[in-house]
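Peer 1: predicted coordinates and the sequence they were generated for:
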Amino acid sequence: MNIDKLMQSLEAKHSGEYEYLQAVREVLTTIEEEYNKHPEFEAAKIAERLVEPDRIFTFKVPWVDDRGEVQVNLGYRVQFNNAIGPYKGGLRFHSSVNLSILKFLGFEQIFKNALTTLPMGGAKGGSDFNPRGKSSAEVMRFCQAYMVELWRHIGPETDVPAGDIGVGAREVGYLYGMYRKLARENTGVLTGKNLEFGGSLIRPEATGFGGLYFVKQMLETAGMDIAGKTIAISGFGNVAWGAALKATEMGAKVVTISGPDGYVYDESGISGEKIDYMLELRASCNDVVQPYAERYNVPFYAGKRPWEVKVDIALPCATQNELNEVDAKLLIENGVICVGEISNMGCTPEAIESFLQHKVMYGPGKAVNAGGVATSGLEMTQNAMHISWTAEEVDDKLRQIMGAIHEQCVKYGREADGYINYMKGANIAGFLKVAKAMLAQGVL
Ligand code: GLU
């Protein structure tokens, strides 16, 4: 595989799609050695076929706001690869959404979903619509208008969307309602549904819980215990909430959460009712964490990120590229031992390089945050079987899946000196599964 040539051709075709090109480069450079052991991959041009999505739908979403004004947003669905199962991946509603971001997320999703051991292909979608500050009636009208366009392209055995940033149970409910009306069927076409119409227990907690199951195993593999460790978390949404809940249950102490306005430092630990309060904060329309600092009388650092705090573990839980080289160096200086991305591509390539050079344990998003989509896969199984499992059953399966992902990362990521390069391990394991499926199915 000639990575430079492939990257040059992608850069020429998709110039300016920085996040997408970043995600592709990371995967190609880490799988190169393994790829070259398989001449059959090169002969079938697996890399060239994998880096381009199967297809992309782009559509306009016109809707009427509460003042009676017509609004027009852009909607997308990127169906990236379905060699091992139906396209699967969330929808992101946020003003920053563009094709580059959805293509990077869809590309990452292929490998993440392969790692879960469940039969799911990779996809992502969304819109530049931002639900924050909108009334529920506006959100409903937007979701309905979005689904009027999307419904023909998805289905329980074709493409199964779910939530991501800006898309929670409320949005999934409205999207599902319109799909059901148009398609005239009740199926598991979306995951992250409410329990009353096919949702799974533990799905809201799953990304954060899965992340902590993984991080605990990383530490244990290095002979350490998560109990007693201090943790910096970024974000204050659903993922950060689930992570704080499980970390606290495991005996660790979470000392930060953050928002676009800055971060709060709660030295005594964010636990108990303070974790419940995160949900309240999220539900308020302002997208700020400062009220937490006022309520619990703890310091708030405006415009800053939590990576300057001295902690044992850092867990990015917000968005892509939220931890850069400067942040990484600060964390390393302060003695961080483990960084687990629970957000998608939370660290920049330079930050990752610093962690690897300093032999800091680093878990990439496609492994660490796979618990969310894994539990979506379990929701699909429950829907297909027309049954629902108990919280314990789902949680047990989630734990097993995270264990299996960890095992694959160790298998393919252990280096000669014993250091585990989880990024390399996750990319190779995810890639091999998809590549072998593509090879067996011919040129499509
Ligand atoms: N948006 C989540 C992710 O990044 C969940 C996707 C899903 O449940 O399909 O994996």
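Peer 2: That came through, no problem.

Peer 1: what's the pLDDT at the nearest residue to Asp327 once chain neighbours are set aside?
Peer 2: Nearest residue to Asp327 in three dimensions, chain neighbours excluded: Trp307, at 3.7 Å (C-beta to C-beta, 6 or more residues apart in numbering). (Each C-beta comes from the backbone N, C-alpha and C, glycine too.) pLDDT recorded at Trp307 is 98.

Peer 1: got the phi/psi numbers for Trp307?
Peer 2: Here is the backbone geometry of Trp307 (degrees, to the nearest 10): phi -80, psi 0.

Peer 1: quick one: Trp63 is in a strand?
Peer 2: Yes. The assignment for Trp63 is a strand, going by DSSP: H, G, I helix; E, B strand; the rest coil.

Peer 1: what's the local residue count around it?
Peer 2: Each residue near Trp63 was counted by other C-beta atoms under 10 Å, and the total is 20.

Peer 1: is stretch 163-175 anywhere near the ligand?
Peer 2: Yes. Applying C-beta under 6 Å from any ligand atom, one finds that stretch 163-175 is in contact with the ligand at Asp164.

Peer 1: got the contact list for that stretch?
Peer 2: The contact list for stretch 163-175, computed with C-beta atoms under 8 Å, 6 or more residues apart in numbering, reads 89-94, 105, 124, 126, 129-132, 136, 139-140, 143-144, 146-147, 161-162, 190-194, 197, 199, 204, 237-238, 319.

Peer 1: looking at the residues you listed, which are in strands?
Peer 2: Secondary structure assignment (DSSP state E) places Gly89, Gly90, Leu91, Arg92, Phe93, Lys124, Gly126, Pro161, Ala162 from the contacts of stretch 163-175 within strands.

Peer 1: and the ligand, which of these reach it?
Peer 2: Answer for these near the ligand (C-beta under 6 Å from any ligand atom): Gly89, Gly90, Ala162.

Peer 1: pretty sure the second one contacts Gly122?
Peer 2: No. Contact status for Gly90 versus Gly122: not in contact, 11.1 Å apart, counting by C-beta atoms under 8 Å.

Peer 1: any residues of the chain in contact with the ligand? List them.
Peer 2: Residues of the chain lying close to the ligand by C-beta under 6 Å from any ligand atom are Lys88, Gly89, Gly90, Ala162, Asp164, Thr191, Asn344, Gly372, Val373, Ser376.

Peer 1: pick out the residue of the stretch 201-350 of the chain closest to the ligand.
Peer 2: Using C-beta to the nearest ligand atom, the single residue of the stretch 201-350 of the chain nearest to the ligand is Asn344, 5.4 Å away.

Peer 1: give me the three-state assignment for that residue.
Peer 2: coil.

Peer 1: give me every residue that touches the nearest residue to it once chain neighbours are set aside.
Peer 2: Once flanking residues are discounted, Asn344 sits nearest to Gly365: 4.7 Å by C-beta to C-beta, 6+ apart. Shown in contact with Gly365 (C-beta under 8 Å, 6+ apart): Glu108, Lys112, Glu341, Ile342, Ser343, Asn344, Met345, Gly346.

Peer 1: quick check: phi and psi on the residue most central in space within the chain?
Peer 2: In the chain, the C-alpha nearest the mean C-alpha coordinate belongs to Asn344, at 4.3 Å (C-alpha atoms, centre = their mean). Per-residue torsions, Asn344: phi -80, psi 120 (degrees, to the nearest 10).

Peer 1: quick one: it and Leu105 touch, right?
Peer 2: Yes. Between Asn344 and Leu105 there is a contact under C-beta under 8 Å: 5.8 Å.

Peer 1: ok, the residue of the stretch 201-350 of the chain closest to the ligand - contacts?
Peer 2: Under the criterion of C-beta under 8 Å, 6+ apart, the contact list for Asn344 reads Phe104, Leu105, Glu108, Thr319, Gln320, Gly365, Lys366, Asn369.

Peer 1: which of those fall within helices?
Peer 2: Phe104, Leu105, Glu108, Gly365, Lys366 (DSSP state H).

Peer 1: name the nearest of those residues relative to the ligand.
Peer 2: Of the ones in helices among the contacts of Asn344, the one sitting nearest to the ligand (C-beta to the nearest ligand atom) turns out to be Leu105, at 6.6 Å.

Peer 1: I'd guessed the closest one sits against Ser96; true?
Peer 2: No. In this structure, Leu105 is not within contact of Ser96 by C-beta under 8 Å, at 11.9 Å.

Peer 1: more neighbours, the two?
Peer 2: Set Leu105 next to Ser96 and count neighbours by other C-beta under 10 Å: Leu105 wins out with 30 against 12.

Peer 1: give me the pLDDT value at the more buried one.
Peer 2: Note on Leu105: pLDDT of 98.

Peer 1: please apply the same query to Met1.
Peer 2: You'll see Met1 listed with a pLDDT of 88.

Peer 1: any figure for the gap between it and Val139?
Peer 2: To Val139, Met1 is 44 Å away according to C-beta to C-beta, to the nearest Å.

Peer 1: could I get the average pLDDT for the helix or strand harbouring Tyr277?
Peer 2: Assigning secondary structure by DSSP states H and E places Tyr277 in helix 273-283. Averaged across helix 273-283, pLDDT comes to 93.

Peer 1: mind checking how far stretch 184-201 is from the chain centre?
Peer 2: Stretch 184-201 sits 20 Å away from the centroid of its parent chain (C-alpha atoms, centre = their mean, to the nearest Å).

Peer 1: what does stretch 353-366 give?
Peer 2: From the chain centre to the centre of stretch 353-366 is a distance of 18 Å (C-alpha atoms, centre = their mean).

Peer 1: and it, what's buried?
Peer 2: Burial within stretch 353-366, assessed by neighbour count using 16 or more other C-beta atoms under 10 Å, is assigned to Ser354, Phe355, Leu356, Val360, Met361, Tyr362, Gly363, Pro364, Gly365, Lys366.

Peer 1: gap between the two ends of that stretch?
Peer 2: 17 Å (C-alpha to C-alpha, to the nearest Å).

Peer 1: reformat the contacts of Asn344 as CSV; add distance to Glu350.
Peer 2: Formatted as CSV, the contacts of Asn344 follow (distance: C-beta to C-beta, whole Å):
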residue, distance to Glu350
Phe104, 17
Leu105, 21
Glu108, 18
Thr319, 17
Gln320, 14
Gly365, 16
Lys366, 19
Asn369, 21
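
Peer 1: leaving out chain neighbours, which residue sits closest to the residue of the chain found nearest the ligand?
Peer 2: Residue nearest to the ligand within the chain: Gly90 (2.8 Å; C-beta to the nearest ligand atom). In space, and not counting its chain neighbours, Gly90 is closest to Asp164: 3.3 Å by C-beta to C-beta, 6+ apart.

Peer 1: phi and psi next, for that neighbour.
Peer 2: Backbone torsions of Asp164, given as degrees, to the nearest 10, read phi -160, psi -160.
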